[in-house]
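# Structure for this input, please:
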Amino acid sequence: MMKRNEFIASLCLATGFLLLQGATAETSCASKDCRMRDGRPLKVLMIGNSFTGSVMRETPTLARKSGLKLDIVQCGIGGCPFDRHWSNVEKSDDKSFKPYGVQASLSSGDAKKFPRRVNFTDMLTADKWDIVTIQQASGKSAFYDTYQPYADNLIAKIRELAPQAEIVIQQTWSYTPYDTRLAKWKMTPKDMYEALKKAYAQLAAKHKLRIIPTADAVQLFRDRLPVDYGKPLTREEINKIAKPGTVDFHGDVVGDSAWKQGRKGKQKDWEEIKLRCDFSHFNARGHYLQACVWLGFLFNVDPATFTYRPKGLPEADAKLMRECARDALKASR
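Got it, this is the predicted structure:
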């Protein structure tokens, strides 16, 4: 009888251990970190503008090279701020109103799953998103009064139509010293960074949202490289640069210039080949840094472990970018 009781007790203990083990596994796989381990891709919808459009340049490739399953979709309008996004929501009952362009990179490869032009609210219900990202237009990012009440309204609408999704803010970055808006605002690039960081933190605290610290990583990189413009060229000096000369951005991840035609339909002189400059968006180097920050955030992995780097990017710079991404993510937690 004693042996029988001992056997039953042992069986109960073993059964309890297995049940506990199963419960632990179930709890673990319900966490965000398990979404890339159960065979299902992480589904991310970006509601934004060109500062999220740049995510599509290197992030899908880095994810694939790093064995991370990611479905990421950009729903954006160039330069679109929170107030215009909200205006588009208010017009979204009109299903013929499709102001957003779509870029998609799906781990399945089926990029045609989504139409090229969409309505804001339809896109929120087009898939079961895990994460929906938002951000202010860069030109208004340093001024919190431009966020409201539109950001609050957008967050409420996203929670209504995609309740399963976590809403996340991308922290946009500051411009190069050549951008004339800085003089208008009486700001340096560092001033702009500190102001936008404060504004995004205020919005995040109000709604208990996490932040993708892209601007923090940019600032770390600028400080550590270091990026030193010295005395920036005047606009007149830039205009006098002869072909094939370009503007020197001193290793910055922001800013680019090249001799080329303009954007058809966007610029009157688009057919003319001239030195065309961009003083606010990421260049190819910045696209890689942004990818490291985003994937480190989305999958809770250390960007310093990534091994892929784009062709033409020196390993020393890529390593520094990965470290800056890692340290920015650590500081934001």
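
# tell me which element the residue nearest to residue 130 when sequence neighbours are not counted falls in.
Leaving aside its sequence neighbours, residue 130 sits nearest to residue 43 (Cβ to Cβ, 6 or more residues apart in numbering; 4.8 Å). For every residue, glycine as well, the C-beta is placed using N, CA and C. Per DSSP states H and E, residue 43 falls inside strand 42-48.

# Show me the contact partners of that strand.
Contact partners of strand 42-48, identified using Cβ atoms under 8 Å, 6 or more residues apart in numbering, comprise 35-36, 52, 55, 68-76, 80, 85, 120, 123-124, 127-135, 154, 158, 162, 165, 170, 298-299.

# which of these are buried?
Buried members of the contacts of strand 42-48, scored by 16 or more other Cβ atoms under 10 Å, are 35-36, 52, 55, 68-76, 80, 85, 120, 123-124, 127, 129-135, 154, 158, 162, 165, 170, 298-299.

# the strands in the stretch 201-333 of the chain, which residues?
Assigned strands in the stretch 201-333 of the chain, in chain order: 210-212, 254-260, 274-282 (criterion: DSSP state E, counting those that start in this stretch).

# what angle sits between the second one and strand 274-282?
Relative orientation of strand 254-260 versus strand 274-282 (axes from the mean of the first three to the mean of the last three Cα atoms, to 10 degrees): 160 degrees.

# Note down every partner strand of strand 254-260 and its orientation.
On the basis of DSSP bridges, the sheet neighbours of strand 254-260 come out as strand 274-282 (antiparallel).

# Which positions within the strand it pairs with qualify as buried?
By 16+ other Cβ under 10 Å, the buried positions in strand 274-282 come out as 275, 276, 277, 278, 279, 280, 281, 282.

# How many residues are close by residue 106?
Residues near residue 106, counting by other Cβ atoms under 10 Å, number 19.

# re the thing from before, going along the chain from the strand holding residue 43, find the next helix or strand for me.
Next along from strand 42-48, by DSSP H and E: helix 50-53.

# per-residue confidence averaged over that following helix?
Averaging pLDDT along helix 50-53 yields 98.

# Centre of the chain to it, how far?
Put simply, helix 50-53 sits 8 Å off its chain's centre (Cα atoms, centre = their mean, to the nearest Å).

# Ok, stretch 169-189 next?
Mean C-alpha position of stretch 169-189 versus that of the full chain (Cα atoms, centre = their mean) differs by 18 Å.

# what do you get for stretch 255-262?
24 Å.

# Give the buried residues for that stretch.
Of all the residues in stretch 255-262, those buried under the rule 16+ other Cβ under 10 Å are 255, 256, 257.

# Over to stretch 298-313?
Buried positions in stretch 298-313, judged by neighbour count with 16+ other Cβ under 10 Å: 298, 299, 301, 303, 306, 309, 313.

# Need the distance between the two termini of it.
Using Cα to Cα, to the nearest Å, the end-to-end distance of stretch 298-313 comes out at 24 Å.

# all helices of the chain, in order?
Ranges of helices within the chain are 2-29, 50-53, 55-65, 82-90, 120-124, 150-161, 180-185, 189-207, 214-224, 235-239, 284-299, 315-332, based on DSSP state H.

# want to throw those into a markdown table with distance to residue 269?
Listed next are those as a markdown table, based on distance: least, Cβ to Cβ, whole Å:
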| stretch | distance to residue 269 |
| --- | --- |
| helix 2-29 | 56 |
| helix 50-53 | 21 |
| helix 55-65 | 26 |
| helix 82-90 | 27 |
| helix 120-124 | 33 |
| helix 150-161 | 34 |
| helix 180-185 | 19 |
| helix 189-207 | 28 |
| helix 214-224 | 31 |
| helix 235-239 | 14 |
| helix 284-299 | 25 |
| helix 315-332 | 34 |
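
# Which of these sits closest to residue 139?
For residue 139, the closest of the helices of the chain is helix 180-185, at 6.3 Å, according to Cβ to Cβ.

# Kindly provide the distance from the nearest residue to residue 297 once chain neighbours are set aside to residue 167.
Spatial nearest neighbour of residue 297, excluding adjacent residues (Cβ to Cβ, 6+ apart): residue 212 at 4.9 Å. Distance of residue 212 to residue 167, computed by Cβ to Cβ, to the nearest Å: 12 Å.

# Neighbour count: the two, which is higher?
Neighbours per residue (other Cβ under 10 Å) separate residue 212 from residue 167, with residue 212 holding more: 26 against 20.

# Who are the contact partners of the more buried one?
Contacts for residue 212 (Cβ under 8 Å, 6+ apart) come out as 133, 168, 169, 170, 171, 293, 294, 297.

# bridging residues for it?
Counting by DSSP bridges, residue 212 forms beta bridges with residue 170.

# And it, how far from residue 79?
For residue 212, the distance to residue 79 (Cβ to Cβ) stands at 20 Å.

# what does residue 209 give?
Residue 209 is 23 Å from residue 79, where distance means Cβ to Cβ.
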